[in-house]
Structure formats: structure tokens, C-alpha cells
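**Student:** only geometry, no sequence info:
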């Protein structure tokens, strides 16, 4: 255990948590804190440094995400690495001084590694949330490109809200979900993630509170937190968010907003029931809490159609609805959409113009052709069958290899199985051990930072045979760790 | 003149300037301030409200950009409109309360109108900074799409820095400009504008100072200002930025960065000379000021090759270099690139992944084919000839119609003629009168808010015949206004 004879300067213009981050990095780089050193508990640190515990948590979060420390559930925090970040401060002009104080937080360390390792050769990606290459409808794409090749007369900047033709087509298409909107209430974005960034830049004052399911995909990105907003996780049962959680967590004095993935939730796969949807809508209306409904998995149902979107029942413009083809066709288009009250869409499109002058016109033109030609619907029918096969096969493999060490849900659509390990092992160790065996997993703690024992398994990306090899190996690694850590 | 018996609350959590904005909007919406009402001078307002003049200026800037007031150079500020913004606050759930406190500033009112009006039928766009539809190489595009149609095997997410194949091709291509970098030092972005947004989110602490040419394209967007950075304009002569201006304006206590368009500057067309480039580089190095070199017009030289980029001589990783095909091929690809020290590119790509998971894969694949097939180079040769014709024709039209009322430069490349009117007229009035005649102009005051008498004429977009009709009509409108305002 180390002793700390230093306190942050409360009169400095640098925030307290940042001072703590910088102090600890300094101590690592000078060699005072060596790898393996255990940091005092959060409570002790907050005493030693004379700051709130939440400040300590924020500093440790950043140190974790930058790869300097690892927090093993229950067991405190250890210094684990110093090369990655320290390496980058050797340039002659000290860009790091600039980066240090800048606005956007870095990705979580685990996600940075995932983003890199995905492109390693021969790696089996058990957690990747995108349709695998074999599911791409190459024939249809080829037909569309051929048909379209002499139709592109020019490729200028488009209207601020995106290609009008595509918005008209979407306005028609959305009627399938009971959503009736004009093209002027639709904004084309570069994927649903960009919609979230635009919302955080254009609609929310810093200090706003974002309610979300716990766990949530949202926790794994820093869109809102980087701009000074706070996330609050809401408990779920198997029907979705528990409505009481909203009233409990709605900030009285701050702007509050609900982000939800009601259909085939990422990462748990839960589908919010019809009744629950009405309860959530009503609760939010009575608390005047706007809703972002992220509905990118809707098309990927298997056994039965999911309930209609919240947006369908939204009479008062309370819901911003996000859609995308990244999960249902291909992420490489980088096309999604936001649907909402026209003046809110106006505001978002104005900021989008200042961000990137619109999304790829080529992608938009080709997507318009995909939907209007009927190929998109045809593809979805095939995709659902293929995904169902993959899901069933994956469930079979799990039954054969994980019955004694894990529990899991049976998803009715989407990509994800939320695997819960029965024994307590270090998820970070598991992640690193799996990499050694050329297996890439998405550990559950990127969706919920509290110590948890989950993995997000995605059956959308790898082939059935890779899934079998990968999951088998993974089960061995888990069994080894259980033995090593004697944690069962 | 109106009297104001109200003062902002200095203890409120709402910033002073925002309180002033809200107060004035309130007074307009309740009818206390009617259209045409003249506001007191900035000096008087700051006395009446008990705030610094800079706070008043910030409030007036926002009111201008939201279309509530117009500041006619010299003549004070008037209430001009209240519909656009007031209209948008009628929804049941008050999204406006959220928008009001949010981070990103709205576009300038003039630019919002330009963005909308560009898609009106039969409008002549004299200021549009993109290649016109007739300049798009439709034949080549068709060949590429045909050839490529059965080559797309899948369209997944790409590596964080963008398609490796494209980065390899660019790494080769950039050698033409004396820039030697590996693909790992290149980040593919959705146009150079997105690069600026990523830089402002990832590299700069709030409060940083951005030096730039005055006037500058940068002034017309709010990327940096929205995130709490300040712009400072540097004087230019016909060789580019005057080096002394950098030392004069470098903040001693804040992070400072230089943004420059040294080649075919937007909007003045100026080319920074070889000597001046070395002076600017050296000055910035001695003051440890990093440089963003925006070089998107480089390929569009006409009479002779421009000097090599600043980046070519950058030995210490001081320069982030921005390129794009939006001006030289087509903006609809939404593809550009940033070149810089690898650890800075790592940081930018990490934030890009959190912003939109990368740019369109389709655009990147097709662009790679464009460059590697040699079609891009072939197209550039043709484009230069066509642009030269358009420039010469435009200069001819100007000589015939503007000799007595304006002065202008002869650009050696790029898109722009920076037209200076000899007489003092309201640029806002000119903008609106021109719209009545179906002519869309880019008034110079969006690039330099101080009262100026410039227009940015772009010869890239309209046909020669439209240019002739448009400029002729414009000269009549200007002559009329000069008479009306008796300002010569």
C-alpha cells in the first residue's frame, strides 16, 4: 500500500479530478508507483486527498480508461501499465498538454483494445455487434450498383436534413411501425451514434441527467459524459425498465432525459412489453422527461413481431426516435435517422451542417435504391432466418459447454446473449487471457462499471464453426481462471 | 430608442450573456420591443445592464445569428424579426428549454438561409463553394461503379483510422506534395470540417485561442466557439498572414493554435508565398504554437503550381494537415483526411470512433478506386482547364459590370473572387434584395463580422450563362441600393 503526501489545489483552474489524474500519472512516470502497486480504497483516497469520493471515482475511471490502473471488483485498484499513454508524450511539441485539458474523454481502454484487435488476423470475435460478412447480400448490392452506375449525375452537398428522396422513402417506410411523419421531421445521420452526439451538442445543457437501462450500451461510450452530462442507470426486470425507477431518478433541479433501447436491448436482449411501454411513456410525460428511443434492432425479430415503438403512441412530440441500417443491412453505409418534432429536427440538422455538412451522398443514394426497389425487405426476410439459425446454434453450444458455469437468456431478436458467469473471476484477466487464445470478447463491465460477471455474446458476426471453436476455448479459459482464483 | 429597467442576476447559474439574450427575446415576444426598434449602442447597453461590453457583444452576436436583430455597420442594432425562433417554442414539451442551455451555437442566420435557399428552384448561386454539377465526371464515376459493382464483399465497420487501402494510397499520393507519412499517421474523416470538430473536441482545452486569417472561412462556422474557444483574426497582406501578427496575438497564458488556409485562401484567394511559409512555420515553432493547415484547394491551381504545403517543411510534428476531395472531385463523398504525428492521429481516431464509428465505407472504397485507377489525376487535369475558363469568363463579366462600383483580385486557383464594393451599403439588405431576384450571394460579413463591404463570388458552381445573368442583376441591385442609401 502506498502513502500519499499530496493534495490537489482547490484554487487551481484545473479541476480536482484532473489534478488527481495528473498526479498519479506523474508518480507512475517518475517510478514512484510501480506496476502492481495497490492504490488505497476509494474511501481512504478521498480522505487522504481531501476530496469527495465521487471525485476519486471520476479520477480512477479516467485512469482505468487510459490504461494506467485496473480495478478488480472488491479487491481495490492496482497500477497495471504505463506505456501506452506515456509513450505518446514524447513528441517535441507537447500536443499532450493540449489533449490533457480537452473536452472529449478517451474511449474505455477495453474498447480501444477491441477496436484495434478486431483487425488482427485469425481472431474470433465473439462479441462483435454487427452482421458478419457472410450475411451481407452481395448479389443484391451488385445489382443495385450496376443499375445505379450511370444514374449519378452529380454528387454535391445535400439539403441540411439529408437526401429528400431518401427521407420521403423513410417517411413511407416508417408507417410500417405506425409512425406517421413528414420528410421534414426526419434527419439523416451517419449512424445512430452520431444522432446521440448531435443531441448532446444541440439539445442538452451541461449538467443534464441521462437516465438509461442498467446495463446499457450508452455506458460504453462517452458522448454525454464528455460534454458534462451525468448518466444514471435504471433497474430492469424482464419487461424492461421498472417505471418507478424513473420517478426515483428524475433530477428535480436538472434537465433529465431518458435514453432507452426498448426492443432487443443492448446488451441484455430484453424486449419491453406493450404495457410497460405505455407506463414508461406516461411516467415520462408526467415528469416532462423527453425520451430518446434507440430502435436499431427492431427489424431483427425471430419468433414474433416485437411491440410497436414508443414513438407510435407519442402524441406530444416527447420522443426522438433513432433508426439505422447498420444492424439490419450493413454498418459501412454509415446511415441512420432521427425522427422528432420538426423544430427539434431543424435544430439538430443545423448543428449537423456545422459538424460534417451532411452524410455521404453516395450512401444515401444507394440506400434509397435499396429500400424503394424492395431489395431491403427481401434481404430482411432472409437475414431473420439466418440469424435465427445462428442464435439456435449458439444456444446449443452454450448448453453443451457452459451449463455448469453460466446462465443466459434466450433472445427473441437482435444480436445478443447476456451470459452470466456463476463464479467470481476477474473480467479483465478473462479478457486478456482470451486474447492470448485469439478470442475477442466484450466483457459486461463496459456496459456497467460495477463489478459484474457478464459477457455480451453476439451470434451475428462469426460463423457457426468459429462460434463453436471460440466458445469451447472460452469455457476452458473460464474454468482455468475459476481454479486459479479459487473463486467458486 | 428604448429604455431598459432590468439587469441580469449575477448570482444566477445562467451565464450573463444568456440572460441578456433571453430578456431581449422575452421583450420581443411580449411585444415590448417591436420590429424596427433600435437598441442602444453597445457602450450604453453595457452601462444600462451593468456588464462588460464583451458580454453585450456576445449576446448581440447570438441574437443576430438567431435572426432577432440586425447590426448595420455603424448604425447600431435593430430588432428585425421574431417569427423564426419564436415559432419553434410552441411544442407541448418544451424542448426549447433544453436547447437554450445546450452547447453548440446555431449557425449564423445568413448561413441558415443560404443552406435552405440553395435548394429553391431556379435560384442562381453566385457564392456556392463547390464544383458545379456539370463539372462532375459522370463518365468516370459510371465506369468505376460498374467495375466495382461485384467487388464489394461486405460493408462492415472499418478500422478506427479508416480503410487501410485508402490510407496506403493517400500515403503514396501525398508524396507528390513532399509529405512523407505512413498510413498510421493518416485519419480518414467525413470532410475537413469534421476534422476541425474532432480537433476541437479532442485536442483543445476550453479557453484556447484560435488564430486565423481575417477574414476567414472559420469565422462562418461555430465549431470552436461552441466549445468555449476564442477566435482571433490576423491581418494579411498579399503574401498571406503577416508574421508579426502571430506574436502579437499569441496568448501568454492560454493554449494557442493557428488555423490557416495558405493556398487559395477562403474567401480572399490569397496564396501564401514560399518565404512567408517559412516565416510562419518558424514563428509558430518558436512560440510553440501548433498549426492546422487546411489545404483543400491545393489541386485547383490554374496558372502555376502553388508553393509546397507548410507540412512539407514540418520537422517537429507541429502541423496537422487537412485534405479533402470535396472541392476537387465532389463533396457528396464526404471524405477528407488529417495527417499528423501518430499519437495525435490516435487520439483523433479514438474520438472519431465515439462520434460516428468512422466515415462511409462505400465512399472510401470508391474513392480508393478513383485514385488508384488514375481517374482522379485525369479528372483534375480536365477540371483545372474548366475552372480556368470559368474564372476568366467571370473576370470578364466583372469588368463589364462592376468596374465603377467594385474592386477585386485575380485568383490563381481555388474558387473565389473577393469582391470589394466601393460604396457603403447594408450587406444584409443586399442579401435579401438579391434573394428577391432569385440570386443567392455569400456576403463577406459571414467571414468577418466587422462591417465590411465584400462579397465572396465563386466561379465554381454556376454555368457561364447563369454567372452573366446573376452578376448583371446583382450590379443593378447594388446600384439601386447605393442610390437609396445615398452612400457614395
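**Tutor:** Yep, it's here. For clarity, every value in this text was computed on a predicted model and none was experimentally measured.
**Student:** which other helices and strands does the helix or strand hosting residue A:20 contact?
**Tutor:** Residue A:20 is part of helix A:16-29 when elements are defined by DSSP states H and E. Contacts defined by 3 or more CB pairs under 8 Å, 6 or more residues apart in numbering or on different chains; DSSP states H and E place helix A:16-29 against helix A:53-65, helix A:83-87. All C-beta atoms are positioned from the backbone trio N, CA, C, and that covers glycine.
**Student:** right, and residue A:443 touches residue A:427 too?
**Tutor:** Yes. At 4.3 Å, residue A:443 counts as touching residue A:427 under the criterion of CB atoms under 8 Å.
**Student:** how does chain A divide into domains?
**Tutor:** Residue ranges for the domains of chain A, per automatic domain parsing: A:16-102, A:110-129+A:378-485, A:153-373.
**Student:** so which of the ones you listed is the most surrounded?
**Tutor:** domain A:153-373 (a mean of 21; mean count of other CB atoms under 10 Å in any protein chain shown).
**Student:** okay, how far is it across that one, tip to tip?
**Tutor:** Using CA to CA, to the nearest Å, one end of domain A:153-373 lies 20 Å from the other.
**Student:** hmm, back to that, got the angle for the helix holding residue A:20 vs helix A:53-65?
**Tutor:** 50 degrees (axes from the mean of the first three to the mean of the last three CA atoms, to 10 degrees).
**Student:** right, and the helix or strand after helix A:16-29?
**Tutor:** With DSSP H and E, the next secondary element past helix A:16-29 is strand A:38-39.
**Student:** and that following strand, average pLDDT?
**Tutor:** Across strand A:38-39, the average pLDDT comes to 85.
**Student:** then stretch A:57-68?
**Tutor:** For stretch A:57-68, the per-residue pLDDT averages 79.
**Student:** residue boundaries of the helices in the stretch 151-300 of chain A?
**Tutor:** Assigned by DSSP state H, counting those that start in this stretch, the helices in the stretch 151-300 of chain A fall at A:164-173, A:192-202, A:223-226, A:244-249, A:274-286.
**Student:** is the second one anywhere near chain B?
**Tutor:** Just to be clear, that refers to helix A:192-202. Yes. Shown here: helix A:192-202 in contact with chain B (CB under 8 Å from any CB of the partner chain) through A:193-194, A:197, A:200-202.
**Student:** let's have those residues in TSV, adding pLDDT and distance to residue A:52.
**Tutor:** Below are the residues of helix A:192-202 next to chain B laid out as TSV (pLDDT from 0 to 100; distance: CB to CB, whole Å):
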residue	pLDDT	distance to residue A:52
A:193	95	31
A:194	96	34
A:197	93	29
A:200	90	25
A:201	89	28
A:202	87	31
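**Student:** before we move on, the earlier item: worst mean pLDDT among the helices of the stretch 151-300 of chain A?
**Tutor:** The lowest average pLDDT among those, as it happens, falls on helix A:223-226, at a mean of 86.
**Student:** and that one, how far out from the chain middle?
**Tutor:** 12 Å (CA atoms, centre = their mean, to the nearest Å).
**Student:** give me the contact list for that helix.
**Tutor:** For helix A:223-226, the surrounding residues in contact (CB atoms under 8 Å, 6 or more residues apart in numbering or on different chains) are A:103-105, A:193, A:196-197, A:200, A:204, A:208, A:210, A:218, A:230-231, B:201, B:354-355.
**Student:** could you point out the helix or strand that follows the helix or strand containing residue A:377?
**Tutor:** Using DSSP H and E, residue A:377 falls within helix A:375-401. Sequence-wise, the next helix or strand downstream of helix A:375-401 (DSSP H and E) is strand A:406-407.
**Student:** that following strand pairs with which strands, and in what direction?
**Tutor:** strand A:416-421 (antiparallel) (DSSP bridges).
**Student:** now the angle from the strand it pairs with to helix A:375-401?
**Tutor:** Using the same axes, to 10 degrees: strand A:416-421 against helix A:375-401 is 20 degrees.
**Student:** elements contacting the helix or strand following strand A:416-421?
**Tutor:** Next in sequence after strand A:416-421, counting helices and strands by DSSP H and E, comes helix A:427-436. Contacts defined by 3+ CB pairs under 8 Å, 6+ apart place helix A:427-436 against helix A:109-117, strand A:442-443, helix A:464-485.
**Student:** are there helices or strands packed against the very next helix or strand once past helix A:427-436, and which ones?
**Tutor:** Later in the chain than helix A:427-436, the nearest helix or strand by DSSP H and E is strand A:439-440. Judged by 3+ CB pairs under 8 Å, 6+ apart, the packing partners of strand A:439-440 are strand A:124-125, helix A:464-485.
**Student:** mind redoing it with 10 Å?
**Tutor:** helix A:109-117, strand A:124-125, helix A:427-436, helix A:464-485 (3 or more CB pairs under 10 Å, 6 or more residues apart in numbering or on different chains; DSSP states H and E).
**Student:** a markdown table for these, including distance to residue B:471 and mean pLDDT?
**Tutor:** Listed next are the helices and strands packed on strand A:439-440 as a markdown table, based on distance: least, CB to CB, whole Å; pLDDT from 0 to 100:
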| stretch | distance to residue B:471 | mean pLDDT |
| --- | --- | --- |
| helix A:109-117 | 51 | 83 |
| strand A:124-125 | 58 | 96 |
| helix A:427-436 | 64 | 91 |
| helix A:464-485 | 64 | 95 |
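**Student:** now do the contacts for the nearest residue to residue A:207 once chain neighbours are set aside.
**Tutor:** Distances taken as CB to CB, 6 or more residues apart in numbering or on different chains put residue A:254 closest to residue A:207, at 5.6 Å, once the chain neighbours are dropped. Applying CB atoms under 10 Å, 6 or more residues apart in numbering or on different chains to residue A:254 gives the contacts A:205-209, A:229-230.
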